[in-house]
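S.K.: I'd like to go over a predicted model; first the sequence, then the structure.
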Amino acid sequence: MSRTYLPLWITFALVLLMFGAGASQFDGFASLRVVTNLISDNAFLLVTALGMTLVILSGGIDLSVGSVIALSGVAAALLIGPYQWHPLLAFALILPCAALFGAGMGALIQYYQLQPFIVTLAGMFLARGVATLLSEESVAIEHPFYDAVAEFGLELPDGGWLGATSLLTIALVLLMLVLTHYSRFGSYVYALGGNSQSAQLMGVPVARTTILLYASSSMLAAMAGIIFSFYTYSGYALSAVGVELDAIAAVVIGGTLLTGGSGFIIGTVLGVLLMGLIQTYINFDGSLSSWWSKIVIGGLLFFFIALQKLLSKQWQSKAGGKA
Amino acid sequence: MTNEATILNSTPDQLKAARQARYSPGQSAHQFSLYLYPLLALALLLLVNLLLDPQFFSLQWQEGRLYGPLIDIVNRSAPVALLAIGMSLVIATGGIDLSVGAVMAICGAVCANLLVLGDWSIPAVIGLAVLTGLGCGLVNGLMVSYLGIQPIVATLVLMVAGRGVAQLLNQGQIVTFQNPDFAALGSGSFLGLPVPVWLVLLALLIMQLLLKRTALGLFIEAVGCNAKASRYLGIDDRGIKLTVYLLAGGCAALAGIIATADIQGSDANNAGLWLELDAILAVVIGGAALTGGRFSLPRAVIGVLIIQALSTTIVVSGLPSKFNLLIKALVILLVLLLQSELFRHQLKTLLSFNKLRGGKA
């Protein structure tokens, strides 16, 4: 077991521990129903966090994802409702637009050498601003397609139910797994995060990769917004506030280094599951207040960052010893 | 290796600015040009307001204090101005503090709960709140300087957990109190000006004295330009980083006190929510680079005034408030682009190209 995988294993152990703690204390916790609910409740966060993983692997950050979720939800609700578009047609318009938005941020970061933090912060205000401009009120979605999607799913034993959005989320996870770990684009992203100057010298198309990866982050966030709209049957400009922070937290808890260049998609999945499990545990308990989840997640964040620091220090001293 | 990288990363402009800020004989001219653009932007915004509303510059004297749109802008800027003062110092060392909004909420909760308990004097309440803020700053500072954690992440921990702590203190309720003396800190007035404005001026004065009359300012700039190089020069870069996070925590506590006194209650969910982003923006609009080194407190405060004046302009112009965020985003993008050398170059070429064409025609 190499040191690279250690944070991953720790997160995995914590997920098992949390699940075990829940299962031993509450009846009905250790059921497929709880597991499938975990996936469907956190589907939009998971999809957002996938894109965030990519961005963080490259050494950047994307603060705009929460606003993009809200914007795509509002846009979808408006197109389907007042404008009478078919949902699929609406999605076909929204996803490329989101990709273009992300590409714009990537281009600003790449060509004008601006900091990702402040550019995506502006993107966050911009997307939220456009969403409020489109509609200040929550827009309800009523369409036969949404009902059909809600009914579609895989029935599992033990009360488990994998709905269409959960299946889509799982498919996206697999896609990102392949894209990140087994494609040329993925290795470019890792190279960028390791050291962008060396990457450039090695012949990595830095500009194209940077623009593409911010585009995919925004597109995944828009996808998350669509999944969220299936969850709430509405689009609201003030929804998904602060999701970017949850996504960043999940990525960090999943063992991805915030300086870039090291991390795994599966770690992010585990990070989201761990955060979801904490929430589920608190819901099952009933007496614990919701603020405990914030404090616990903050504590976990600290634990993982300190762990990473310790590991990288050990690694450095070992490398220094060899040289 | 990392040392070389940091030297490579700091642009000649940054180094030049840091040098010129103190040692260049053309110091005053350089300083002047640095202040020119933010002040021009502010003046332009105020002018637009005056055109939209002829009464905009009018001031009334009522019940021993001044009233008017200008006073309103200054007063509403107070909490963010305090945050921006602390944030400037943190950003000057190349860091960032995302937790200040949550720290505001924690300190507000401390104030409200102590006041509800009764038998605490106002100075004791303020003192404890400021101590709490300093404690939060200490946590951030220790993580950044001694554990070597990236500032964004280190302060993210407190940003996420801090609001939870504030809710825990308030037991999930909005804690309100009846204390006219404490409320005066938020809504009272002194010598005709609102108390929060005096607090900002006081904080600004103390900080400026601290920075300019001691070596602290120079050390902060040195650490921000190159932490490793400054360590070789004998500057305790870790101590400096710890100090700036402490000061940022203290400023956030003051902002929290003002916000709590203003609404006479503590709302853990909404107190100081997203104000850290406004503060960061103000610092960037004031011309500081997020990479560290160059900074100025007065310019950051001007940045805050620009942001506040902009929101007021949107209200005065009669545009619905839903345009607020959009316009803000566009202004930020413009400011960011103007700070980029490449964009300025492109703009210049574009302008000269137009002139050329104009000349030919």
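M.R.: Sure thing, it's come through. Note that the structure is predicted; figures quoted are calculated from it, not measured.

S.K.: Doesn't residue B:290 belong to a helix?
M.R.: No. Residue B:290 is assigned coil when assessed by DSSP: H, G, I helix; E, B strand; the rest coil, not a helix.

S.K.: Can you show me the strands along the stretch 101-250 of chain A?
M.R.: A:139-140, A:153-155, A:161-163, A:234-235 (DSSP state E, counting those that start in this stretch).

S.K.: oh sorry, the question was meant for the stretch 201-350 of chain B
M.R.: Counting by DSSP E, counting those that start in this stretch, the strands of the stretch 201-350 of chain B are B:265-266.

S.K.: Could you pull out the helices in it for me?
M.R.: In the stretch 201-350 of chain B, the helices defined using DSSP state H, counting those that start in this stretch lie at B:216-225, B:227-232, B:237-263, B:275-285, B:297-316, B:324-339, B:341-360.

S.K.: List every C-alpha atom in the fourth one, with coordinates, as PDB.
M.R.: If I follow you right, that is helix B:275-285. Taking Å, rounded to 0.1, in the frame of the first residue of the first chain, the C-alpha atoms of helix B:275-285 are listed here in PDB:
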ATOM      1  CA  LEU B 275     -18.800  39.600   3.300                       C
ATOM      2  CA  GLU B 276     -15.400  37.900   3.000                       C
ATOM      3  CA  LEU B 277     -15.900  38.000  -0.800                       C
ATOM      4  CA  ASP B 278     -16.800  41.700  -0.700                       C
ATOM      5  CA  ALA B 279     -13.700  42.400   1.400                       C
ATOM      6  CA  ILE B 280     -11.400  40.400  -1.000                       C
ATOM      7  CA  LEU B 281     -12.900  42.300  -3.900                       C
ATOM      8  CA  ALA B 282     -12.400  45.700  -2.200                       C
ATOM      9  CA  VAL B 283      -8.700  44.800  -1.700                       C
ATOM     10  CA  VAL B 284      -8.300  43.800  -5.300                       C
ATOM     11  CA  ILE B 285     -10.100  46.900  -6.600                       C
END
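
S.K.: residue closest to the middle of chain A?
M.R.: Central residue of chain A (Cα atoms, centre = their mean): residue A:49, 1.3 Å from the mean position.

S.K.: okay but that residue is in contact with residue A:251, surely?
M.R.: Yes. Counting by Cβ atoms under 8 Å, residue A:49 touches residue A:251, with 5.8 Å between them. Every residue, glycine included, has its C-beta placed from N, CA and C.

S.K.: any residues in contact with both of the two?
M.R.: Common neighbours of residue A:49 and residue A:251, counting by Cβ atoms under 8 Å, 6 or more residues apart in numbering or on different chains, are A:268, A:271.

S.K.: Between the strands of the stretch 101-250 of chain A, which one is closest to chain B.
M.R.: For the strands of the stretch 101-250 of chain A, the distance to chain B is smallest for strand A:139-140, at 14.2 Å, taking Cβ to the nearest Cβ.

S.K.: Not counting that closest one itself, show me its contacts.
M.R.: Looking at what lies outside strand A:139-140 - Cβ under 8 Å, 6+ apart - the contacts are A:74, A:77-78, A:81, A:233-236.

S.K.: picking up where we left off before, which of the helices of the stretch 201-350 of chain B sits closest to chain A?
M.R.: Using Cβ to the nearest Cβ, the nearest of the helices of the stretch 201-350 of chain B to chain A is helix B:324-339, at 3.2 Å.

S.K.: other SSEs contacting that closest one?
M.R.: Packing partners of helix B:324-339 (3 or more Cβ pairs under 8 Å, 6 or more residues apart in numbering or on different chains; DSSP states H and E): helix A:87-111, helix A:116-134, helix B:275-285, helix B:297-316.

S.K.: Give me the buried entries from the contacts of strand A:139-140.
M.R.: A:74, A:77-78, A:81, A:234-236 (16 or more other Cβ atoms under 10 Å in any protein chain shown).

S.K.: From the residues you listed, which shows the smallest pLDDT?
M.R.: Lowest in pLDDT among the buried ones among the contacts of strand A:139-140 is residue A:81, which has 87.

S.K.: right, and it touches residue A:146 too?
M.R.: No. Look at residue A:81 against residue A:146 with Cβ under 8 Å: they stay out of range, at 11.1 Å.

S.K.: Could you report the neighbour count for the residue nearest to residue B:318 when sequence neighbours are not counted?
M.R.: Leaving out its chain neighbours, the residue that sits closest to residue B:318 by Cβ to Cβ, 6 or more residues apart in numbering or on different chains is residue B:52, at 7.9 Å. By other Cβ atoms under 10 Å in any protein chain shown, 13 other residues sit near residue B:52.

S.K.: need the contact list for residue B:52.
M.R.: Counted by Cβ under 8 Å, 6+ apart, residue B:52 has contacts B:313, B:316-318.

S.K.: which among those end up buried?
M.R.: For the contacts of residue B:52, buried by 16+ other Cβ under 10 Å: B:313, B:316.

S.K.: what's the farthest-apart pair in the contacts of residue B:52?
M.R.: B:313 and B:318 (10.5 Å; Cβ to Cβ).

S.K.: how about the residues of the stretch 101-250 of chain B near chain A?
M.R.: Contacts of the stretch 101-250 of chain B with chain A, taken as Cβ under 8 Å from any Cβ of the partner chain, map to B:143, B:147-150, B:152-154, B:156-165, B:167-168, B:171-172.

S.K.: Quick check: which ranges of the chain have low pLDDT?
M.R.: Unless you meant another one, I'm taking chain A. A:1-3, A:312, A:315-323 (pLDDT under 70).

S.K.: my question was about chain B
M.R.: B:1-31, B:33, B:355-361.

S.K.: Give me the most central residue, it.
M.R.: residue B:84 (1.0 Å).

S.K.: What is the longest helix seen in chain A packed up against?
M.R.: For chain A, the longest helix by residue count, based on DSSP state H, is helix A:291-322. Judged by 3+ Cβ pairs under 8 Å, 6+ apart, helix A:291-322 is in contact with helix A:6-25, helix A:243-253, helix A:265-285, helix B:151-170.

S.K.: Would you mind getting the angle between the shortest one and helix A:116-134?
M.R.: Same thing as helix A:243-253. 140 degrees (axes from the mean of the first three to the mean of the last three Cα atoms, to 10 degrees).

S.K.: so helix A:243-253 versus helix A:265-285, what angle?
M.R.: Using the same axes, to 10 degrees: helix A:243-253 against helix A:265-285 is 110 degrees.
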